[in-house]
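K.L.:
could you look at this predicted model? Sequence included:
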Amino acid sequence: MLLTASGRPPGSLYWSTTWRDDPSQGVALTGRGMVQQSSKPEEIRGRFTAIWQAENPHEKQWIEEIFGDYIERHVVDGDHQLVLDNAILFDAFIDRYPLDYYRAFEGKTAFLVHFLDETYNGGYERYAPFRGVLRKHWARAFEGARIRPLPLGYCNGFKTHRAPKPASERTYLWSLVGGLNKTSRPDAVRAFKSLAPALVRATDDLAVKGLAIERGALAPAALAAVLRDSAFAPSPMGNVNLECFRLYEGLEAGAIPILERRLGLDYYRDLFGDHPLPTFASWRDAARFVAGLKDRPADLDQLQRTCTSWWTTYKVKLSSDIGAFMRERLSIDASDAPIDVAHLNSPRFQYLELLKHQTLATVGRRVLRHADRFAKTGSFRFSPTD
């Protein structure tokens, strides 16, 4: 019996990948709705133990959908002590934990999945012992044979198996819920405020003249229900990075995401390759696009079908591509693709990369927030996450 170093009982260590019992998994949509079985590298199917450093990972359902065919069992460590062969380590904030733990995977058949590195916070020498790394929050500087991108995905509670309600029949033209008085989110809300019907719910103090804003958080099930009844899901940037959960949760709900791009950075094109998701350089342009489709139900529903079909096919291909990546990395010398750790760990890389995700407005809001904090406390503290 396998136990963690902390000695937690087996009941807290394992969960089964029951999603594989769902017959809708492992298929790809092809022309005219035809279905065909996807292919995955058979020699790695069910080969790995998933080692989690979080007791209750928010992305469990997403990981099980994408990695499920390759994982035999899931084990919770949480103490950065458990080291196994034929393992996939799911970990976050790796710069905070001892380098020796990651070095213990040297020479083993092990991969790292790196979560929650929105701020490009360094510690990338911890990548070296692994056969390969799959990281969320992509940047071109990570491109190489050993590292591949992994989309952020949806949080637990948003995966759905039901057929989406047609966009033209949904209650809300658009909806946006969460902390809205930061980054580019006020710009999105103000640009969309005249488009009705809408549901806007803020967990902070954002106020927009002429727009009724509900207050308070929604549980995942309630938020998923709102998205399933929204034609569009505007997806402004996260805390500091263009990528956010809202995009993927909207896709799961059959809503049409509206994405941002920056001058010199089409983040989602870099991440997905070609995709049909509406993407704009300004929220005013995005609002004009949505307004133009509001009274064209046939075109609206066609765009929804295009986005939903793309997402279904993309997930199947992503899972297959990850399997191919792991199979390839197992067939060659693990040291064949050195990582430029000095560059990736440098503050210069971190700040310049994060700057690519900003606009003048988002930078201005950060400056004002720091000024307000200084006025109230008399102290100045700056970090990329502020």
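P.N.:
Structure received.
K.L.:
pull the contacting residues for the closest residue to K182 other than its chain neighbours.
P.N.:
Take K182 and drop its neighbours on the chain: the residue closest to it by Cβ to Cβ, 6 or more residues apart in numbering is R365, 6.4 Å away. Yep, even glycine has a C-beta here, placed from its N, CA and C like the rest. Shown in contact with R365 (Cβ atoms under 8 Å, 6 or more residues apart in numbering): K182, T183, P186.
K.L.:
return the subset of those residues lying in helices.
P.N.:
P186 (DSSP state H).
K.L.:
let me know the closest of the contacts of R365 to G238.
P.N.:
G238 lies nearest to T183 out of the contacts of R365, by Cβ to Cβ, at 7.2 Å.
K.L.:
most neighbours among the contacts of R365, which one?
P.N.:
Neighbour counts for the contacts of R365 peak at T183, which has 25 neighbours (criterion: other Cβ atoms under 10 Å).
K.L.:
how about it, what does it touch?
P.N.:
Listed by Cβ under 8 Å, 6+ apart, the contact partners of T183 are P236, M237, G238, N239, V240, T362, R365.
K.L.:
farthest-separated two in the residues you listed?
P.N.:
Top of the distance list for the contacts of T183 (Cβ to Cβ): G238 and R365, 14.0 Å.
K.L.:
pull the CA atoms of the helix or strand harbouring the residue nearest to K182 into CSV?
P.N.:
In the assignment (DSSP states H and E), R365 maps to helix 360-377. The C-alpha trace of helix 360-377 is given here as CSV (Å, rounded to 0.1, in the frame of the first residue of the first chain):
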residue,chain,number,x,y,z
LEU,A,360,-2.3,51.6,-20.6
ALA,A,361,-5.6,51.3,-18.7
THR,A,362,-4.6,48.2,-16.7
VAL,A,363,-1.2,49.7,-15.9
GLY,A,364,-2.9,52.9,-14.7
ARG,A,365,-5.3,51.0,-12.4
ARG,A,366,-2.3,49.2,-10.8
VAL,A,367,-0.5,52.5,-10.3
LEU,A,368,-3.6,54.0,-8.7
ARG,A,369,-4.0,51.0,-6.4
HIS,A,370,-0.5,51.4,-5.2
ALA,A,371,-0.9,55.1,-4.7
ASP,A,372,-4.1,54.5,-2.7
ARG,A,373,-2.3,51.9,-0.5
PHE,A,374,0.6,54.2,0.1
ALA,A,375,-1.8,57.0,1.1
LYS,A,376,-3.6,54.7,3.6
THR,A,377,-0.6,52.9,5.1
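K.L.:
and it, what's buried?
P.N.:
Across helix 360-377, burial judged by 16 or more other Cβ atoms under 10 Å covers T362, R365, R366.
K.L.:
from E118, how far off is the last one?
P.N.:
Spelled out, it's R366. Distance, R366 to E118, using Cβ to Cβ, to the nearest Å: 15 Å.
K.L.:
quick one, what contacts the residue nearest the centre of the chain?
P.N.:
Nearest to the mean C-alpha position of the chain, counting by Cα atoms, centre = their mean, stands L152 at 1.4 Å. Contact analysis of L152 by Cβ under 8 Å, 6+ apart lists K136, H137, E243, C244, F245, L247, Y248.
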